[in-house]
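>>> for reference, the sequence and a predicted model appear below.
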Amino acid sequence: MASEQSGAEDEPPSLLWGLDPVFSAYARLYIKDILQIRESRQVPGIYFYKNHPLFQVDVLGTVVYKREREDFYCYGVDDSTGVINCLCWKDEKWRDQGDSVKGKGHGGVFNVEEQLRKLCEAQRSRCMLEIGDLLQVRGSLKTSREQREIMASSFYKVSDPVMDVQIARMLDMPQLYRDCYNKPFQVPCAELEAGTTDAGGASNIQSMLGQSVRILKEFLKVKEVPKFRPYDEATSVGPSFPTQVKNLLKETLKLLQREGEIFRKVLSPDELYHVTEQDKDLLAAIRDVIQEDSKREKYAEKGCHILHVLSSVRQRYSRNLSREALEVALKFLECNSDIISTTDSHYTVL
Amino acid sequence: MLPSPAVFHFLWEINTHLVEDGASVRTFGRLTSYLPEESKAILTSHHASMQHQVSVQTTFVEPFDPIVGAQYVTLGEIDKAEGCSEAILRARVLNCVDGVDVALLQKAINEQRNFFKERDNEAGAQ
């Protein structure tokens, strides 16, 4: 197998392994493949099928070998492509059943102890297998004394009287390989370098939008900008602004409006944005509303509800004020101790 | 320590060159006779309008409840002794699977074989 000789350069960096869904799954590989896959050079205990990192597997096969120890069973499982040892720990619960003969059989009455005993028996019978039984195992892959084995995290005897389960598995596996395991693990940086595929393009835009929102927010804060027009900012970006930049700016402004960081006081052809936390008139209007109304008997005890404040400020200051912008302003005022919140949505002044 | 994997084969392949002496195989067929005193069972199967059969040595899987006429699946080593025309399968596993969809099982086995053949061809081409 030429692939086995390839070095660590072929392995994706370990930091990105979590991005591969196969890494978190119990991989359903043929036992033949499980025995042949190479161990990672970056992290021992992790294995690679093609360039998919994995350490957990799921096998279904006939028990062809059995060894019993005090604490565990060792079953050799054969799925017709290979044979592998599976270490299956015995459950303490049913290990020493002994003679708990409390069966005071109350005829037809439901006897809890009896049912518990039957449950333990059923559990035990599903875990004690003989040669020829069908075993399903899920567990982590280990290499011990140069032998591959599976340390089972769950295992049970499968009842398959007409081979339905085995047939279904034989039919599913090739498709699973084609759809999943044989498709290479796409490492994100490889995607970005590959250019604008749909998936790569979308994630590019998302990250650029996030960045531009952060940059604009900081700019407005640091420069203490109370209000602005987009093209003022655009010209500071550069004399010629291609469509992509214009679109990015548009999206950024939309996002900031949705978050309430900026708002338009008047909806007119003049695209003027107010920066919520810097708008002294808005803050004064909100404070006044709360101060005046908190004195009224109606709001004396609990304070003013946010919706009441919103409608009052809309009448007083700007009809287009959004709830999100109000919430940003209220938070700002509260941080400055101008107002206090009595509940999640009530505000008052002291 | 662990036995070799038992590869699926059809009954009509057992007596051909496809299956070597000593190979571990898994196969299935209808139980047509069982002689407990000789520990010998016969599994048969129809293919291409011919009847094929294999002798199964049942020493390791006795006692078992023989249901003549039922489908059985067996796993074990093939013994092609010199001078014997018929191969013998020394069974390690013999399970009754009466009711199995034989056609679907055949399809599944072929599906698996095609997949491995495809894979080997791709690997060979690289």
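Received it, and whenever you're ready, just let me know what you need.

>>> list the neighbouring strands of the top strand by length along chain B plus their orientation.
Longest strand of chain B, by residue count under DSSP state E: strand B:24-35. Sheet pairing of strand B:24-35 (DSSP bridges) gives strand B:7-8 (parallel), strand B:40-47 (antiparallel), strand B:71-79 (antiparallel).

>>> quick one: these as JSON lines, columns for mean pLDDT, mean neighbour count and distance to residue A:141 too.
Placement of C-beta: from N, CA and C, glycine included. Converted to JSON lines, the strands paired with strand B:24-35 look like this (pLDDT from 0 to 100; neighbours: other C-beta atoms under 10 Å in any protein chain shown; distance: least, C-beta to C-beta, whole Å):
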{"stretch": "strand B:7-8", "mean pLDDT": "96", "mean neighbour count": "20", "distance to residue A:141": "23"}
{"stretch": "strand B:40-47", "mean pLDDT": "94", "mean neighbour count": "18", "distance to residue A:141": "36"}
{"stretch": "strand B:71-79", "mean pLDDT": "95", "mean neighbour count": "22", "distance to residue A:141": "25"}
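
>>> between these, which one is nearest to residue B:59?
Nearest of those to residue B:59, taken as C-beta to C-beta: strand B:40-47 at 9.4 Å.

>>> so what's the gap between that closest one and the chain middle?
Distance, stretch centre to chain centre, for strand B:40-47: 9 Å (C-alpha atoms, centre = their mean, to the nearest Å).

>>> please point out which parts of the following helix or strand past that strand sit buried.
Once the chain leaves strand B:40-47, the next helix or strand it forms, by DSSP states H and E, is strand B:50-57. For strand B:50-57, burial by neighbour count (16 or more other C-beta atoms under 10 Å in any protein chain shown) applies to B:52, B:53, B:54, B:55, B:56, B:57.

>>> whether the longest helix anywhere in chain B contacts chain A - can you check?
Criterion DSSP state H: the longest helix present in chain B is helix B:102-125. Yes - counting by C-beta under 8 Å from any C-beta of the partner chain, chain A is contacted by helix B:102-125 at B:104, B:105, B:107, B:108, B:109, B:111, B:112, B:114, B:115, B:123.

>>> so for stretch A:152-164, mean pLDDT?
Mean pLDDT, stretch A:152-164: 95.

>>> what residue lies at the spatial centre of chain B?
Centroid-nearest residue in chain B, with C-alpha atoms, centre = their mean: residue B:27, separated by 2.3 Å.

>>> give me the distance between that residue and residue B:74.
Distance check for residue B:27 against residue B:74: by C-beta to C-beta, to the nearest Å, it reads 6 Å.

>>> how about residue A:86, what does it touch?
Counting by C-beta atoms under 8 Å, 6 or more residues apart in numbering or on different chains, residue A:86 touches A:59, A:74, A:75, A:76, A:77, A:135, A:137, A:139, A:149, A:150, A:152, A:155.

>>> and chain B, which of these reach it?
Subset of the contacts of residue A:86 in contact with chain B: residue A:76, counting by C-beta under 8 Å from any C-beta.

>>> for residue A:346, give me phi and psi.
phi -120, psi 140 (degrees, to the nearest 10).

>>> if I look at the closest residue to it other than its chain neighbours, how far off is residue A:348?
Sequence neighbours aside, residue A:303 is the residue nearest to residue A:346 in space, at 4.1 Å (criterion: C-beta to C-beta, 6 or more residues apart in numbering or on different chains). With the distance defined as C-beta to C-beta, residue A:303 ends up 3 Å from residue A:348.

>>> which residues do these two both contact?
Common neighbours of residue A:303 and residue A:348, using C-beta under 8 Å, 6+ apart, are A:290, A:294, A:342.

>>> re earlier: now the strands paired with strand B:24-35 in a markdown table, with distance to residue B:87?
Shown next, in a markdown table, are those (distance: least, C-beta to C-beta, whole Å):
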| stretch | distance to residue B:87 |
| --- | --- |
| strand B:7-8 | 15 |
| strand B:40-47 | 12 |
| strand B:71-79 | 5 |
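
>>> where do the strands sit along the stretch 51-200 of chain A?
Residue ranges of the strands in the stretch 51-200 of chain A, as given by DSSP state E, counting those that start in this stretch, are A:52-54, A:56-68, A:72-78, A:83-89, A:134-144, A:147-158.

>>> just the CA coordinates of stretch A:302-309, formatted as CSV?
As requested, the backbone C-alpha atoms of stretch A:302-309 are provided in CSV (Å, rounded to 0.1, in the frame of the first residue of the first chain):
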residue,chain,number,x,y,z
LYS,A,302,-41.9,48.7,39.2
GLY,A,303,-40.7,51.4,36.8
CYS,A,304,-41.4,51.9,33.2
HIS,A,305,-41.8,49.0,30.8
ILE,A,306,-39.5,49.1,27.8
LEU,A,307,-42.4,49.2,25.4
HIS,A,308,-43.8,52.2,27.2
VAL,A,309,-40.4,53.9,27.0
